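Q: 3D, please:
(4 chains)
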Number of protein chains: 2
Amino acid sequence: MKGTNIGELEELVLLVVANLFDNAYGIGVKQEIEEKCNRSITISTVHNVLQRLQEKDYLESRYSDPAPERGGKRKLLFRVTPSGQSALENSRSMRESLWKTIPKVAFER
Amino acid sequence: MKGTNIGELEELVLLVVANLFDNAYGIGVKQEIEEKCNRSITISTVHNVLQRLQEKDYLESRYSDPAPERGGKRKLLFRVTPSGQSALENSRSMRESLWKTIPKVAFER
DNA sequence: TATATTTTTCGTAATTGTCGAAAAAAGGTT
DNA sequence: AACCTTTTTTCGACAATTACGAAAAATATA
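A: You can find the predicted model right below:
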(Lines give C-alpha, C1' and ligand atoms only; values in the text may rest on other atoms or scores of the structure.)
Protein backbone atom coordinates (compact mmCIF):
# COMPACT_ATOMS: atom_id res chain seq x y z
CA MET A 1 0.00 0.00 0.00
CA LYS A 2 1.68 3.11 -1.27
CA GLY A 3 2.12 6.14 0.92
CA THR A 4 0.83 4.61 4.11
CA ASN A 5 4.08 3.22 5.43
CA ILE A 6 7.23 5.04 6.33
CA GLY A 7 10.65 3.70 5.39
CA GLU A 8 13.75 3.69 7.54
CA LEU A 9 15.43 6.57 5.69
CA GLU A 10 12.21 8.51 5.47
CA GLU A 11 11.89 8.35 9.24
CA LEU A 12 15.46 9.51 9.71
CA VAL A 13 14.98 12.45 7.35
CA LEU A 14 11.76 13.41 9.10
CA LEU A 15 13.56 13.46 12.45
CA VAL A 16 16.38 15.54 11.01
CA VAL A 17 14.00 18.06 9.47
CA ALA A 18 12.31 18.44 12.85
CA ASN A 19 15.70 19.03 14.43
CA LEU A 20 16.86 21.62 11.91
CA PHE A 21 13.56 23.41 12.08
CA ASP A 22 14.18 26.57 10.08
CA ASN A 23 17.29 25.49 8.24
CA ALA A 24 15.79 22.28 6.91
CA TYR A 25 16.69 22.23 3.23
CA GLY A 26 18.52 19.64 1.13
CA ILE A 27 22.12 20.37 1.99
CA GLY A 28 21.40 21.14 5.62
CA VAL A 29 19.74 17.76 5.98
CA LYS A 30 22.62 16.00 4.22
CA GLN A 31 25.16 17.58 6.56
CA GLU A 32 23.15 16.86 9.68
CA ILE A 33 22.81 13.20 8.70
CA GLU A 34 26.52 12.88 8.02
CA GLU A 35 27.55 14.61 11.24
CA LYS A 36 25.00 13.47 13.78
CA CYS A 37 24.31 10.02 12.35
CA ASN A 38 27.77 9.23 11.06
CA ARG A 39 26.28 8.00 7.81
CA SER A 40 27.26 9.10 4.34
CA ILE A 41 24.53 10.05 1.93
CA THR A 42 24.43 11.99 -1.34
CA ILE A 43 22.47 15.16 -1.87
CA SER A 44 20.42 13.45 -4.59
CA THR A 45 19.25 10.84 -2.14
CA VAL A 46 18.24 13.48 0.37
CA HIS A 47 16.30 15.47 -2.20
CA ASN A 48 14.55 12.37 -3.45
CA VAL A 49 13.38 11.46 0.04
CA LEU A 50 12.35 15.03 0.88
CA GLN A 51 10.19 15.13 -2.21
CA ARG A 52 8.57 11.78 -1.50
CA LEU A 53 7.80 12.79 2.07
CA GLN A 54 6.09 15.88 0.77
CA GLU A 55 3.98 13.80 -1.63
CA LYS A 56 2.97 11.66 1.35
CA ASP A 57 1.99 14.82 3.20
CA TYR A 58 4.55 14.28 5.94
CA LEU A 59 6.46 17.41 4.96
CA GLU A 60 5.48 20.80 3.56
CA SER A 61 7.80 23.33 1.91
CA ARG A 62 8.32 26.95 0.96
CA TYR A 63 11.11 28.87 -0.80
CA SER A 64 13.45 31.10 1.18
CA ASP A 65 14.71 34.39 -0.21
CA PRO A 66 18.00 33.98 -2.06
CA ALA A 67 21.01 34.51 0.23
CA PRO A 68 23.33 37.43 -0.67
CA GLU A 69 26.35 35.20 -1.24
CA ARG A 70 28.12 33.81 -4.26
CA GLY A 71 25.82 31.06 -5.53
CA GLY A 72 23.27 31.94 -2.89
CA LYS A 73 20.27 30.47 -4.64
CA ARG A 74 16.93 30.38 -2.87
CA LYS A 75 16.49 27.29 -0.66
CA LEU A 76 13.51 24.99 -0.52
CA LEU A 77 12.77 24.85 3.21
CA PHE A 78 10.89 21.92 4.71
CA ARG A 79 8.78 21.52 7.78
CA VAL A 80 7.11 18.49 9.41
CA THR A 81 3.33 18.46 9.01
CA PRO A 82 0.90 17.20 11.68
CA SER A 83 0.62 13.94 9.70
CA GLY A 84 4.38 13.69 9.72
CA GLN A 85 4.51 14.24 13.44
CA SER A 86 1.90 11.49 13.97
CA ALA A 87 3.79 9.09 11.75
CA LEU A 88 6.94 9.72 13.77
CA GLU A 89 5.18 9.33 17.10
CA ASN A 90 3.47 6.14 15.96
CA SER A 91 6.63 4.37 14.93
CA ARG A 92 8.37 5.49 18.06
CA SER A 93 5.69 4.25 20.44
CA MET A 94 5.25 1.00 18.54
CA ARG A 95 8.94 0.23 18.85
CA GLU A 96 9.15 1.30 22.46
CA SER A 97 6.30 -0.99 23.43
CA LEU A 98 8.05 -3.88 21.70
CA TRP A 99 11.30 -3.10 23.47
CA LYS A 100 9.56 -3.15 26.86
CA THR A 101 8.26 -6.70 26.46
CA ILE A 102 11.42 -8.41 25.26
CA PRO A 103 12.24 -11.13 27.79
CA LYS A 104 15.75 -11.02 29.21
CA VAL A 105 16.57 -14.50 27.92
CA ALA A 106 16.16 -13.27 24.35
CA PHE A 107 19.60 -11.65 24.53
CA GLU A 108 21.39 -14.20 26.71
CA ARG A 109 24.00 -16.50 25.22
CA MET B 1 25.11 -0.75 0.09
CA LYS B 2 23.69 -4.18 0.58
CA GLY B 3 23.50 -5.73 4.00
CA THR B 4 24.83 -2.78 5.93
CA ASN B 5 21.56 -1.02 6.63
CA ILE B 6 18.49 -2.31 8.33
CA GLY B 7 15.08 -1.64 6.81
CA GLU B 8 11.96 -0.59 8.67
CA LEU B 9 10.29 -4.00 8.38
CA GLU B 10 13.53 -5.80 9.17
CA GLU B 11 13.77 -3.87 12.41
CA LEU B 12 10.18 -4.68 13.31
CA VAL B 13 10.69 -8.39 12.63
CA LEU B 14 13.87 -8.39 14.69
CA LEU B 15 12.00 -6.87 17.62
CA VAL B 16 9.18 -9.39 17.29
CA VAL B 17 11.60 -12.33 17.16
CA ALA B 18 13.20 -11.06 20.35
CA ASN B 19 9.77 -10.86 21.95
CA LEU B 20 8.66 -14.34 20.92
CA PHE B 21 11.96 -15.81 21.97
CA ASP B 22 11.39 -19.54 21.65
CA ASN B 23 8.31 -19.50 19.49
CA ALA B 24 9.83 -17.27 16.83
CA TYR B 25 9.03 -18.98 13.54
CA GLY B 26 7.25 -17.68 10.42
CA ILE B 27 3.63 -17.94 11.44
CA GLY B 28 4.25 -16.91 15.04
CA VAL B 29 5.93 -13.74 13.80
CA LYS B 30 3.12 -13.03 11.37
CA GLN B 31 0.49 -13.35 14.11
CA GLU B 32 2.44 -11.23 16.56
CA ILE B 33 2.83 -8.46 13.98
CA GLU B 34 -0.86 -8.50 13.15
CA GLU B 35 -1.97 -8.52 16.78
CA LYS B 36 0.55 -6.28 18.52
CA CYS B 37 1.25 -3.91 15.66
CA ASN B 38 -2.17 -3.84 14.07
CA ARG B 39 -0.60 -4.29 10.66
CA SER B 40 -1.52 -6.92 8.10
CA ILE B 41 1.27 -8.89 6.49
CA THR B 42 1.43 -12.13 4.53
CA ILE B 43 3.37 -15.15 5.59
CA SER B 44 5.49 -14.93 2.44
CA THR B 45 6.65 -11.48 3.37
CA VAL B 46 7.58 -12.61 6.86
CA HIS B 47 9.58 -15.56 5.59
CA ASN B 48 11.35 -13.40 3.07
CA VAL B 49 12.46 -10.97 5.77
CA LEU B 50 13.45 -13.72 8.20
CA GLN B 51 15.68 -15.24 5.57
CA ARG B 52 17.31 -11.95 4.64
CA LEU B 53 17.97 -11.15 8.29
CA GLN B 54 19.69 -14.48 8.65
CA GLU B 55 21.85 -13.76 5.59
CA LYS B 56 22.82 -10.48 7.23
CA ASP B 57 23.75 -12.39 10.37
CA TYR B 58 21.16 -10.61 12.48
CA LEU B 59 19.23 -13.85 13.05
CA GLU B 60 20.23 -17.49 13.44
CA SER B 61 17.94 -20.50 13.11
CA ARG B 62 17.43 -24.15 13.98
CA TYR B 63 14.67 -26.66 13.26
CA SER B 64 12.29 -27.73 15.99
CA ASP B 65 11.07 -31.30 16.27
CA PRO B 66 7.85 -31.86 14.35
CA ALA B 67 4.79 -31.26 16.53
CA PRO B 68 2.52 -34.29 17.09
CA GLU B 69 -0.49 -32.66 15.42
CA ARG B 70 -2.15 -32.92 12.07
CA GLY B 71 0.11 -31.00 9.73
CA GLY B 72 2.59 -30.45 12.54
CA LYS B 73 5.61 -29.94 10.38
CA ARG B 74 8.91 -28.99 11.98
CA LYS B 75 9.30 -25.25 12.50
CA LEU B 76 12.27 -23.12 11.61
CA LEU B 77 12.92 -21.26 14.85
CA PHE B 78 14.79 -17.96 14.84
CA ARG B 79 16.83 -16.14 17.41
CA VAL B 80 18.47 -12.71 17.46
CA THR B 81 22.27 -12.85 17.18
CA PRO B 82 24.64 -10.46 18.99
CA SER B 83 24.99 -8.53 15.71
CA GLY B 84 21.22 -8.31 15.50
CA GLN B 85 21.03 -7.02 19.05
CA SER B 86 23.64 -4.35 18.26
CA ALA B 87 21.81 -3.29 15.13
CA LEU B 88 18.62 -2.91 17.13
CA GLU B 89 20.31 -0.96 19.91
CA ASN B 90 22.06 1.31 17.42
CA SER B 91 18.94 2.35 15.59
CA ARG B 92 17.12 2.85 18.84
CA SER B 93 19.76 5.09 20.39
CA MET B 94 20.24 7.04 17.16
CA ARG B 95 16.56 7.85 16.99
CA GLU B 96 16.26 8.62 20.67
CA SER B 97 19.10 11.10 20.48
CA LEU B 98 17.40 12.81 17.54
CA TRP B 99 14.11 12.95 19.42
CA LYS B 100 15.80 14.60 22.42
CA THR B 101 17.10 17.54 20.40
CA ILE B 102 13.96 18.45 18.48
CA PRO B 103 13.11 22.04 19.39
CA LYS B 104 9.58 22.63 20.63
CA VAL B 105 8.80 25.05 17.83
CA ALA B 106 9.27 22.29 15.28
CA PHE B 107 5.85 20.92 16.12
CA GLU B 108 4.03 24.17 16.79
CA ARG B 109 1.45 25.48 14.33
C1' DT C 1 -2.98 -44.30 -1.16
C1' DA C 2 -5.47 -40.17 -0.76
C1' DT C 3 -6.75 -35.97 1.73
C1' DA C 4 -6.34 -32.20 4.89
C1' DT C 5 -3.28 -29.19 7.61
C1' DT C 6 0.87 -26.66 8.82
C1' DT C 7 4.83 -24.68 7.30
C1' DT C 8 8.46 -23.24 4.10
C1' DT C 9 10.26 -22.07 -0.68
C1' DC C 10 9.90 -19.85 -5.24
C1' DG C 11 8.89 -16.38 -8.73
C1' DT C 12 7.48 -11.80 -9.53
C1' DA C 13 5.87 -6.93 -8.87
C1' DA C 14 5.68 -2.48 -6.25
C1' DT C 15 7.92 0.74 -3.10
C1' DT C 16 11.98 2.69 -1.04
C1' DG C 17 16.86 3.75 -1.09
C1' DT C 18 20.84 5.33 -3.84
C1' DC C 19 23.60 7.82 -7.00
C1' DG C 20 25.59 10.62 -11.11
C1' DA C 21 24.78 14.07 -14.16
C1' DA C 22 22.16 17.96 -15.81
C1' DA C 23 19.70 22.18 -15.05
C1' DA C 24 18.73 26.71 -12.48
C1' DA C 25 19.83 30.69 -10.06
C1' DA C 26 22.87 33.81 -8.06
C1' DG C 27 27.43 36.61 -7.58
C1' DG C 28 32.06 37.62 -9.35
C1' DT C 29 35.43 38.42 -13.52
C1' DT C 30 37.07 39.93 -17.69
C1' DA D 1 27.68 41.56 -21.90
C1' DA D 2 29.71 36.97 -21.85
C1' DC D 3 31.80 33.72 -19.06
C1' DC D 4 33.09 31.28 -14.81
C1' DT D 5 32.29 29.68 -10.07
C1' DT D 6 29.35 28.39 -6.36
C1' DT D 7 25.05 26.82 -4.25
C1' DT D 8 21.04 24.41 -4.79
C1' DT D 9 17.44 21.67 -7.00
C1' DT D 10 15.65 18.47 -10.74
C1' DC D 11 15.98 14.39 -13.74
C1' DG D 12 16.82 9.65 -15.08
C1' DA D 13 18.34 5.26 -13.87
C1' DC D 14 19.39 1.23 -11.00
C1' DA D 15 19.77 -1.55 -6.54
C1' DA D 16 17.69 -3.10 -2.19
C1' DT D 17 13.72 -3.82 0.50
C1' DT D 18 8.88 -4.77 0.94
C1' DA D 19 5.00 -7.50 -0.49
C1' DC D 20 2.13 -11.33 -2.58
C1' DG D 21 0.21 -15.50 -4.67
C1' DA D 22 1.11 -19.97 -5.79
C1' DA D 23 3.82 -24.10 -5.44
C1' DA D 24 6.29 -27.45 -2.77
C1' DA D 25 7.37 -30.21 1.56
C1' DA D 26 6.33 -32.57 5.56
C1' DT D 27 3.16 -34.51 8.69
C1' DA D 28 -1.30 -36.73 10.57
C1' DT D 29 -5.59 -38.95 9.60
C1' DA D 30 -8.98 -41.47 6.81
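
Q: from here on, just use CA atoms for contacts and neighbour counts.
A: Fine.

Q: how about the residues of chain A by chain B?
A: Applying CA under 8 Å from any CA of the partner chain, we find that chain A lies next to chain B at A:6-8, A:12, A:15-16, A:18-21, A:37, A:79-82, A:85, A:94-95, A:98-99, A:101-103, A:105-107.

Q: which among those end up buried?
A: Buried members of these, scored by 16 or more other CA atoms under 10 Å in any protein chain shown, are A:6, A:8, A:12, A:15-16, A:18-21, A:37, A:79-82, A:85, A:95, A:98-99, A:102, A:106.

Q: for B:Ala24, see how far away A:Phe107 is.
A: 14 Å (CA to CA, to the nearest Å).

Q: for chain A, what lies in contact range of DNA strand D?
A: A:1, A:5, A:7-8, A:25-27, A:43-44, A:47-48, A:70-77 (CA under 7 Å from any atom of the strand).

Q: just the buried ones from those?
A: By 16+ other CA under 10 Å, these give A:Glu8, A:Tyr25, A:Gly26, A:Ile27, A:His47, A:Lys75, A:Leu77 as buried.

Q: what's the last one sitting at in phi/psi?
A: Dihedral angles phi and psi of A:Leu77 (degrees, to the nearest 10) take the values phi -90, psi 130.

Q: partners of it in the sheet?
A: Counting by DSSP bridges, A:Leu77 is bridged to A:Arg62.

Q: residues contacting it?
A: When contacts are counted by CA atoms under 8 Å, 6 or more residues apart in numbering or on different chains, A:Leu77 touches A:Asp22, A:Asn23, A:Ala24, A:Tyr25, A:Ser61, A:Arg62, A:Tyr63, A:Ser64.

Q: mind putting these in CSV, pLDDT included?
A: Conversion of the contacts of A:Leu77 to CSV gives the following (pLDDT from 0 to 100):
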residue, pLDDT
A:Asp22, 84
A:Asn23, 89
A:Ala24, 95
A:Tyr25, 96
A:Ser61, 96
A:Arg62, 95
A:Tyr63, 94
A:Ser64, 90
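
Q: can you redo those residues as JSON lines with distance to DNA strand C?
A: JSON lines is the format used below for the contacts of A:Leu77 (distance: CA to the nearest atom of the strand, whole Å):
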{"residue": "A:Asp22", "distance to DNA strand C": "19"}
{"residue": "A:Asn23", "distance to DNA strand C": "18"}
{"residue": "A:Ala24", "distance to DNA strand C": "18"}
{"residue": "A:Tyr25", "distance to DNA strand C": "14"}
{"residue": "A:Ser61", "distance to DNA strand C": "16"}
{"residue": "A:Arg62", "distance to DNA strand C": "14"}
{"residue": "A:Tyr63", "distance to DNA strand C": "10"}
{"residue": "A:Ser64", "distance to DNA strand C": "10"}
